[in-house]
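> Just to be clear, the model below is a prediction. Sequence and coordinates:
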Amino acid sequence: MDEDEAAFAEFVTHEWSRLVRVGYLLTGDVGRAEDLVQQALVKVHRHWSRVSREGSPYAYTRAAVSNESSSWWRRRRVPEDLGEVPSVTDSGKADAYAVVDSRDELVRVLSTLPPRMRAVIVLRFYEDLSESETAKALGMSVGSVKSQTSRGLGRLRLAMTGPAVPASSLQTNGA
């Protein structure tokens, strides 16, 4: 095994779980996330000597995973049923499973976003990238990242909290 192959194997071993987590947030399915990462790694492997020399193989691979996810969604036009998403959760109970339940709800709601919007949200808030880093990773303008972030967060808030009640509807007669 030559030096590049050994470096690639070490990279995959070290970063596999992080990449699969990003893939899971993009797809909502562990099996599909693993497939997505494998497809991206095949493409990254072809250019590994250049990618490893340029300095940030994880960022390059993360972008490849995101792009592969978008390509998959473009190829697949049939909507997929990911199960029933509860419209209201009982967040009043403080139990040991509340954190897991809220994370599960977030992942389910995240899966309802369009692929590019989901990719922006995942890279901005899960991977903690700046707007410019996200724009570079996804090949879009910073303005598009800002608008996708705003729309995506709005959809997530609405889905997780329900529609806001207008103040005018809270008035009582004679009061």
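Sure thing, it's come through.
> and residue 10, how far is that from residue 17?
Counting by Cβ to Cβ, to the nearest Å, the separation of residue 10 from residue 17 is 14 Å. Where you see a C-beta, it was placed from the backbone N, CA and C, and this is true even at glycine.
> repeat for residue 97
As defined by Cβ to Cβ, residue 97 lies at a distance of 23 Å from residue 17.
> ok, residue 106 - contacts?
Counting by Cβ atoms under 8 Å, 6 or more residues apart in numbering, residue 106 makes contact with 156, 160.
> Read off the pLDDT value for it.
Residue 106 is assigned 80 on the pLDDT scale.
> secondary structure element for it?
helix 98-110 (DSSP states H and E).
> Which positions in the worst-scoring helix or strand of the chain on mean pLDDT come out as buried?
The least trusted helix or strand in the chain, going by mean pLDDT, DSSP states H and E, turns out to be helix 98-110, with a mean of 77. Within helix 98-110, the residues that count as buried by 16 or more other Cβ atoms under 10 Å are 105, 108, 109, 110.
> Counting by contacts, list what the next helix or strand after it packs against.
Where DSSP H and E defines the elements, the next helix or strand beyond helix 98-110 is helix 115-121. With contacts taken as 3 or more Cβ pairs under 8 Å, 6 or more residues apart in numbering; DSSP states H and E, helix 115-121 sits against helix 3-27, helix 57-75, helix 131-138, helix 142-161.
> Compare the ones you listed and say which comes out lowest on pLDDT.
Note on these: lowest mean pLDDT is at helix 57-75, with a mean of 82.
> elements contacting it?
Applying 3+ Cβ pairs under 8 Å, 6+ apart, we find helix 57-75 packed against helix 3-27, helix 30-46, helix 48-54, helix 115-121, helix 131-138.
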